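*Asks:* sequence plus the predicted model coming up.
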Amino acid sequence: MKQAEQWTSRLGFILAAAGSAIGLGAIWKFPYMVGTSGGGAFFLLFIIFTLVIGLPLLLGEFTIGRSTQKEAISAYKTIAPGSLWHWIGRLGVITCFLLLSFYSVVGGWILSYLLRGFTGQLQGPAYDKVFGDIIGDPVSAVVAQLVFMLITAWVVARGVQSGIESANKYMMPGLFLLFMVLMVRSLTLDGAMDGVSFFLRPDFSKLSAESILYALGQSFFALSVGVSVMVTYSSYLAKNESLVRSAGSIVSLNLLVSLFAGLAIFPAVFSLGVEPTAGPGLLFIVLPSVFEQIAFGSIFLLIFLALFLFATLTSAFSMLEIIVASLAKGDEKKRKRLAWVIGLLIFIVGVPSALSFGVWSEVTLFGKSIFDAMDFLVSNILMPLGALLISIFVPLKMKRETLINELGVHTSLGKRLFIIWLLLIKYVAPIAILAVFLQMLGIW
């Protein structure tokens, strides 16, 4: 049985899938991961992992979802009935649940910034103090996180076309254009070229086993692969749309925005004398300072924060959608109820992460704050594990004829590219993931 809804167009699908990727993954997390993990060397590894592992896995998830036209768990059951392979889908659901629990905390931070901006309380130059006050206030952090989850649940409850697709069609292009404006301004600051050099010139002496694992995890995080989100999203795509062109568009947009993010952040970081290793607060401290140096900067800052919030929400939509879709199974009445119930459960689980920079800052898990521990678990363990299982599942359990038909590789060139893709997903992807895991554990 087909999904109850479908995307109205390939553009709607691309924008929704890109919205899942181009959120905190590219705009918030990517810059601070680059800053703390080796600069240009990390960026280069991220590009390589995205093209060699992320893109093949993205196409793998697309073939699973579109061929069955079912949500994550049911899709695996359809292809491999009577087996345990459907646990890949269940792992994706669990991972998205945990991911959204701390992702929504950052969404709450953005809401708090927006509120302060509209009330005239967001003024420099002490943005580090503003950020510290926001994340350290337990009431503000928790309430903002709750509001973020309520918005997410409301949109997902409205459905695929009326909620998720319609929201993405307007705000994603706006965010893209505004980021270009910010990048151009940042590059004209004094000392900007030092930041460009840090971001684009690889220094492999700064790499560690941990930063390599982070680069691999970031390539999954940025493309939303490894958690079967793209299985669910592609199940809503019409059969006559090209999976290859769609995947290429999504990866291109993701890498381009990651490049823009780095060129907007790091020139400003070096120009303003901020340490590039500032961590998660980098975006919230540096960007407001950049806007201060632009004409009508306060207005630009409010617009950017609003669009940044939307980009964050589009990613949140995809995480909540995979959970709701796996339980609703096309029943729109169940969808509405489940979106609200699951959204509130995720909020509750995320409260410790919201408090981990304030009243629970002394509480640690394996030497990390609750927020950082959840981030590490999801981005560096669960997502790579899911990606590893998908890379094994696709060539092992899916019929070659199905893969060829779904990818539309009926020309001689297409068949050669198909062989390359199959080799990448069958051998390169699992070997790379295993190698990084072993290196992280000190075994290899």
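*Replies:* Everything's here; your move. Numbering: from 1, shown residues only.
*Asks:* for Ala328, give me its contacts.
*Replies:* For Ala328, the contacting residues are 334-335, 338, by C-beta atoms under 8 Å, 6 or more residues apart in numbering. To be clear about C-beta, it is placed using only N, CA and C from the backbone, and glycine gets the same treatment.
*Asks:* repeat that for Gly248.
*Replies:* With contact set as C-beta under 8 Å, 6+ apart, Gly248 has these partners: Leu55.
*Asks:* any idea how far it is from Leu146?
*Replies:* Between Gly248 and Leu146 the computed distance is 38 Å (C-beta to C-beta, to the nearest Å).
*Asks:* list buried residues within the contacts of Ala328.
*Replies:* In terms of neighbour count (16 or more other C-beta atoms under 10 Å), the buried residues within these are 335, 338.
*Asks:* counting only helices, which of the contacts of Ala328 make the cut?
*Replies:* When these are checked against helices using DSSP state H, the ones located there are 334-335, 338.
*Asks:* check the residues you listed against Gly65 and report the nearest one.
*Replies:* Sorting these by how near they are to Gly65, with C-beta to C-beta, puts Arg335 at the top with 17.5 Å.
*Asks:* my read: that closest one touches Ala157, true?
*Replies:* Yes - using C-beta atoms under 8 Å, Arg335 is in contact with Ala157, at 6.5 Å.
*Asks:* residues shared between the contacts of these two?
*Replies:* The contact sets of Arg335 and Ala157 do not overlap (C-beta under 8 Å, 6+ apart).
*Asks:* where along the stretch 101-250 of the chain do the helices fall?
*Replies:* Taking DSSP state H, counting those that start in this stretch, the helices of the stretch 101-250 of the chain run over residues 127-136, 138-158, 166-187, 192-200, 209-223, 229-234, 243-271.
*Asks:* out of those helices, which gets nearest to Val349?
*Replies:* Checking the helices of the stretch 101-250 of the chain against Val349 by C-beta to C-beta gives helix 138-158 as the closest, at 10.5 Å.
*Asks:* pull the residues that contact that closest one.
*Replies:* Contacting residues not belonging to helix 138-158 are listed as 100, 104-105, 107-112, 134-135, 163-164, 167, 312-313, 316-317, 320-321, 324, 335-336, 339-340, 342-344, 346-347, 350-351, 354-355, 357-359 [C-beta under 8 Å, 6+ apart].
*Asks:* for it, list every residue counted as buried.
*Replies:* Neighbour counts over helix 138-158 (16+ other C-beta under 10 Å) mark 140-142, 144-149, 151-153, 155-158 as buried.
*Asks:* what's the closest non-adjacent residue to Gly60?
*Replies:* Using C-beta to C-beta, 6 or more residues apart in numbering and skipping residues adjacent in sequence, the residue nearest Gly60 is Val394, 4.2 Å away.
*Asks:* let me redo that: Arg335
*Replies:* Spatially, and ignoring its direct neighbours in sequence, Arg335 is nearest to Ala328 (4.3 Å; C-beta to C-beta, 6+ apart).
*Asks:* give me the pLDDT for that neighbour.
*Replies:* At Ala328, the pLDDT value in this model is 85.
*Asks:* circling back: any idea which of the buried residues of helix 138-158 is least confident?
*Replies:* Scanning the buried residues of helix 138-158 for pLDDT, the smallest score is found at Arg158, 78.
*Asks:* all strands of the stretch 251-400 of the chain, in order?
*Replies:* All strands of the stretch 251-400 of the chain, identified by DSSP state E, counting those that start in this stretch, fall at 364-365, 368-369.
*Asks:* ok, now how distant is Val143 from Gly19?
*Replies:* As judged by C-beta to C-beta, Val143 and Gly19 stand 25 Å apart.
*Asks:* can you spell out which helices and strands pack onto whatever helix or strand Asn405 lives in?
*Replies:* Counting by DSSP states H and E, the element that carries Asn405 is helix 400-407. The helices and strands touching helix 400-407, judged by 3 or more C-beta pairs under 8 Å, 6 or more residues apart in numbering; DSSP states H and E, are helix 55-68, helix 243-271, helix 412-423.
*Asks:* tell me the most buried of these?
*Replies:* Across these, the average number of neighbours (mean count of other C-beta atoms under 10 Å) peaks for helix 55-68, which reaches a mean of 26.
*Asks:* elements contacting that one?
*Replies:* Using 3+ C-beta pairs under 8 Å, 6+ apart as the contact criterion, the elements in contact with helix 55-68 are helix 72-79, helix 209-223, helix 229-234, helix 243-271, helix 383-397, helix 400-407.
*Asks:* is it possible to export the ones you listed to TSV including distance to Gly60 and mean pLDDT?
*Replies:* Rendered in TSV, the data for those read as follows (distance: least, C-beta to C-beta, whole Å; pLDDT from 0 to 100):
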stretch	distance to Gly60	mean pLDDT
helix 72-79	12	93
helix 209-223	12	78
helix 229-234	9	86
helix 243-271	10	85
helix 383-397	4	91
helix 400-407	9	90
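*Asks:* what's stretch 44-53 in contact with?
*Replies:* Outside of stretch 44-53, the residues within contact range by C-beta under 8 Å, 6+ apart are 30, 34, 202, 207, 212, 215-216, 218-219, 222-223, 251, 254-255, 258, 387, 424, 428-429, 432-433.
*Asks:* roughly how far is stretch 206-222 from the heart of the chain?
*Replies:* 14 Å (C-alpha atoms, centre = their mean, to the nearest Å).
*Asks:* then stretch 58-73?
*Replies:* In terms of C-alpha atoms, centre = their mean, the centre of stretch 58-73 is found 19 Å from the chain centre.
*Asks:* before we move on, what about stretch 306-322?
*Replies:* In terms of C-alpha atoms, centre = their mean, the centre of stretch 306-322 is set 9 Å apart from its chain centre.
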